[in-house]
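Novice: fold the following for me, if possible:
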Amino acid sequence: FFGERTVPSHEYAPAVGKGQAQRVTLLFSAVCALFPACAAQTGGNGGGQTASETPQGGEGEESVAEKIVIEVNGAEFTATLAETDAARAFAQMLPMTLSMREMNGNEKYCYLDETLPTDAVLPEQISCGDLMLFGDSCIVLFYEDFTTSYRYTPIGAADEPEGLAAALGGGDVTVTFRIG
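Specialist: Below you'll find the model as predicted:
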């Protein structure tokens, strides 16, 4: 098992303070102004390849799993991986069994010993079956729908999450993730 760390009752906090985040944003903007290639990554017309474009051909590229299986208490749920670096890195770690802790009656979480790439977004709406990364090492499996003000990096989502909450139960649980 990967190491577990105890987290105070859902006190997720941003990695940087508000002032630090503003300085990082300002620094990033200044760097992008100096390098036109950054403009393509931020929606400008710098001529670079954007995230939505894919190279022509595709031959010789390494294939990454699109589906994983989440197994808990004898029940299996197929999930589709998100198109993020974190999801690709997570898939490379599979199969993996985690001892996941209960949090707030809506999620299970486990801190990994390794960090994953981050590209956190504010999803606003969390859905049952969402698999997310909080920070750079906390895997979170949600089993209730709710709104959130926290930022997560998407890893994937259960295709048909019906029964997931019942399978996960109300306490800590062992969850196995594998390529599906």
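
Novice: how about the strands of the protein, start to end?
Specialist: 67-72, 75-81, 96-103, 107-111, 125-126, 130-134, 138-142, 146-147, 153-158, 173-179 (DSSP state E).

Novice: quick one: closest of the ones you listed to residue 119.
Specialist: Evaluated with C-beta to C-beta, these place strand 153-158 nearest to residue 119, the distance being 5.3 Å. C-beta: built from backbone N, CA, C; applies to glycine.

Novice: so what's the closest residue to residue 96 other than its chain neighbours scoring on pLDDT?
Specialist: Once flanking residues are discounted, residue 96 sits nearest to residue 177: 5.2 Å by C-beta to C-beta, 6 or more residues apart in numbering. pLDDT, residue 177: 98.

Novice: for the residue nearest to residue 89 when sequence neighbours are not counted, which residues are in contact?
Specialist: Nearest residue to residue 89 in three dimensions, chain neighbours excluded: residue 116, at 4.8 Å (C-beta to C-beta, 6+ apart). Residues in contact with residue 116 (C-beta atoms under 8 Å, 6 or more residues apart in numbering) are 85-86, 89-90, 133, 136-137, 153.

Novice: where do the helices sit along this protein?
Specialist: 18-34, 36-41, 85-92, 164-168 (DSSP state H).

Novice: worst mean pLDDT among those?
Specialist: helix 36-41 (a mean of 35).

Novice: any stretches of the chain with poor pLDDT?
Specialist: 1-64 (pLDDT under 70).

Novice: can you rerun that using 80?
Specialist: 1-65 (pLDDT under 80).

Novice: so what's the residue count around the residue nearest to residue 96?
Specialist: 24 (other C-beta atoms under 10 Å).

Novice: show the contacting residues for it.
Specialist: Counting by C-beta under 8 Å, 6+ apart, residue 177 has contacts 68-71, 90, 94-98.

Novice: columns distance to residue 110 and neighbour count on top of these, output as CSV?
Specialist: As requested, the contacts of residue 177 are exported to CSV (distance: C-beta to C-beta, whole Å; neighbours: other C-beta atoms under 10 Å):
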residue, distance to residue 110, neighbour count
68, 15, 25
69, 17, 16
70, 13, 23
71, 15, 18
90, 12, 25
94, 14, 15
95, 15, 11
96, 10, 16
97, 10, 14
98, 4, 20
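
Novice: residue 99 versus residue 83, what's the distance?
Specialist: As judged by C-beta to C-beta, to the nearest Å, residue 83 and residue 99 stand 28 Å apart.

Novice: scratch that, residue 69
Specialist: 18 Å.

Novice: which two of the contacts of residue 177 have the greatest separation?
Specialist: 71 and 90 (15.3 Å).

Novice: wait, which of the strands of the chain is closest to residue 165?
Specialist: strand 138-142 (9.5 Å).

Novice: run the angle between the closest one and strand 130-134 for me.
Specialist: Inter-element angle recorded for strand 138-142 and strand 130-134: 150 degrees (by axes from the mean of the first three to the mean of the last three C-alpha atoms, to 10 degrees).
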